[in-house]
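1. sharing a model that was predicted from the sequence below.
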Amino acid sequence: MMGTGEGIMSIPDVISRTFASAVFVALSALMLAGPASVQAQDLPEYDVDVVAVRAAGNDPLPSVDLYTRIPYSKLRFLSSPDGFTARYEVSVEIVEVDADGKRMNVVESPIWERTVRVVNYGDTQVENRFDFSTHSVKLRPGQYLFEFQIDDKSSNESFVTEQFHTVRDLSDSPAMSDILVVDRFDDDTKNVYPSVAKRISSVSDELTLFYELYLDRAQTIKFRREVVRVGGLLARSEGNAASEVVSSTDESAAVEAGRSQHVARVKLDDLPVGSYDVIISALDEAGVLLASSQTSFDIDWSGLEEHLSNLDDAIAQLQYIAKTRDIRFIRDGESDTEKWRRFEDFWRKRDPTPGTIRNEKMEEYYYRVAFANRRYSSATEGWRTDRGQVMVLYGQPDIIENHPFNFSVKPYEVWYYYRIGRRFIFVDQSGLGDYTLLVPIWDETTRIR
């Protein structure tokens with residue numbers, strides 16, 4: 001059920017009590033089935049999230065919902081009469097901190113226990129099954145350090161992580177709760193399935209968010225959603241923390257007075273792997289900011305198999321880095337099994353971390369191929385275009401200058417790669433969006449002087 005603004009849906013009042021109660025039924029379902037997995041790099045032992053919302057009734061203190069997501073594979077399951085059972089305890093020490101992040105005093109120490117049961121032992125080893133839990137506390141506005149500890153009751157292992165969070169004053173109107181990143185929202189049941197990890201697959205088309213808006217009167221609200229890139233593969237390797245707004249959309253909806261709950265779907269538009277912030281702002285009809293909230297998320301590599309359409313394509317796409325005889329050797333395998341063995345052997349020799357499961361160089365190469373195909377394909381596959389070739393070889397440029405058509409100059413783009421001292425100019429000679437290199441990729445004039 002769409003609201004006035006496409007992509008923004010109000011949740012019925014029947015689940016508008018608190019944030020945690022609105023998602024708890026979905027959490028229960030996820031404990032049984034687990035969400036679609038994001039196969040990310042260097043996954044932590046478990047994930048946590050902290051989300052503050054206005055408390056029910058007239059309580060002036062915000063309700064702070066604590067979420068955990070624990071992989072079944074990280075728990076020890078013991079045989080039980082009805083299958084296999086794991087038990088663990090979550091303890092959170094909530095410490096008030098000053099403006100410099102210095103610890104002041106412990107204000108809350110909630111503890112809760114979880115029991116997980118499965119019928120088959122094989123289910124305990126599956127990487128994409130998780131147990132979710134939530135617990136709520138009341139905190140006055142301020143800055144806090146949340147120290148989570150998970151104690152596995154069967155193995156006696158403990159996992160510890162911490163998260164800083166600013167709890168805002170939500171007692172006045174207008175105001176907006178913190179944003180919950182969700183794995184999915186069920187339009188039929190209105191169930192919200194939280195992500196907790198806030199990691200999105202690199203092949204996902206959209207990001208789904210859940211939040212509350214508090215108004216003292218009914219009015220038409222313009223919801224502005226901005227996605228800001230704060231890091232990526234290049235930024236992390238180069239130590240560049242510069243941020244940029246990569247998308248911004250405005251949608252309007254009529255919102256009732258009081259507490260309203262909303263689901264927002266944000267198009268990712270083939271954003272590259274990296275770290276992002278998303279900012280949701282509520283403005284009145286005159287464009288005056290009423291309230292806003294912000295959260296972060298990561299786009300992670302989703303797994304090579306999702307970026308390869310078939311083996312023959314993957315072999316052909318080696319042409320930018322492999323010799324012709326190497327490609328012919330792989331392609332001439334007598335069977336698909338033999339082709340795959342030769343293909344794997346080619347990449348195994350180039351693995352920067354031999355002995356580990358992942359081949360980062362191979363993953364990055366085919367991620368770039370997939371990105372080029374989504375972004376630059378027309379009559380020609382994206383990776384075969386000039387822009388696609390540069391993207392596959394060098395990755396995301398540091399800066400792209402876009403120069404649209406005018407009466408004296410054809411449309412063109414300039415891609416700057418400061419880290420390698422290169423600059424590539426693409427010109428749309430036909431005016432149909434078919435950008436080609438002004439000079440060949442190997443030409444010395446591409447060097448930044």
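-> Ah, there it is. Numbering: from 1, shown residues only.

2. low-scoring stretches of this protein, by residue?
-> 1-45, 127, 231-243, 270, 301-309, 357, 449 (pLDDT under 70).

3. ok, longest helix in it?
-> In the chain, taking DSSP state H as the definition, the longest helix is helix 360-376.

4. what's that one packed up against?
-> Counting contacts by 3 or more Cβ pairs under 8 Å, 6 or more residues apart in numbering; DSSP states H and E, helix 360-376 is packed against helix 386-394. The C-beta positions use only the backbone N, C-alpha and C, and glycine is treated the same way.

5. Provide the strand pairings for the next helix or strand after the helix it packs on, with the direction of each partner.
-> Sequence-wise, the next helix or strand downstream of helix 386-394 (DSSP states H and E) is strand 399-403. Strand 399-403 pairs in its sheet with strand 412-417 (antiparallel), by DSSP bridges.

6. now do the strands in the stretch 51-200 of the chain.
-> All strands of the stretch 51-200 of the chain, identified by DSSP state E, counting those that start in this stretch, fall at 63-71, 78-80, 83-97, 103-108, 111-118, 130-138, 142-152, 158-167, 175-176, 180-185, 192-194, 199-201.

7. list the buried residues for the strand or helix carrying residue 282?
-> Using DSSP H and E, residue 282 maps to strand 274-283. Across strand 274-283, burial judged by 16 or more other Cβ atoms under 10 Å covers 274-283.

8. before we move on, back to that, distance to residue 266 for the strands of the stretch 51-200 of the chain - can I get that in TSV?
-> Below are the strands of the stretch 51-200 of the chain laid out as TSV (distance: least, Cβ to Cβ, whole Å):
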stretch	distance to residue 266
strand 63-71	20
strand 78-80	42
strand 83-97	29
strand 103-108	33
strand 111-118	31
strand 130-138	23
strand 142-152	26
strand 158-167	22
strand 175-176	16
strand 180-185	10
strand 192-194	16
strand 199-201	10
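
9. quick one: which of these is nearest residue 265?
-> Closest approach to residue 265 among those is made by strand 180-185 (8.1 Å; Cβ to Cβ).

10. give the partner strands of that closest one in its sheet and their orientations.
-> Paired strands of strand 180-185, with direction, are strand 192-194 (antiparallel), strand 206-215 (antiparallel) (DSSP bridges).

11. rewinding a little: what is the strand holding residue 282 packed up against?
-> With contacts defined as 3+ Cβ pairs under 8 Å, 6+ apart, strand 274-283 has these neighbours: strand 206-215, strand 219-232, helix 233-238, strand 289-300.

12. rerun at 6 Å
-> On a contact count with 3 or more Cβ pairs under 6 Å, 6 or more residues apart in numbering; DSSP states H and E, strand 274-283 meets strand 219-232, strand 289-300.

13. nearest to residue 104, of those?
-> Among these, strand 289-300 sits nearest to residue 104 (Cβ to Cβ), with 24.5 Å.

14. flag every buried residue along the next helix-or-strand element following that closest one.
-> Sequence-wise, the next helix or strand downstream of strand 289-300 (DSSP H and E) is helix 311-316. Residues 314-315 are the ones in helix 311-316 that count as buried (16+ other Cβ under 10 Å).

15. same thing with stretch 121-136?
-> 123-124, 129-134, 136.

16. so what's the gap between that stretch and the chain middle?
-> If you compare the mean C-alpha spot of stretch 121-136 with that of the full chain, they lie 20 Å apart, counting by Cα atoms, centre = their mean, to the nearest Å.

17. likewise stretch 420-434?
-> So, by Cα atoms, centre = their mean, the centroid of stretch 420-434 is 30 Å from its chain's centroid.
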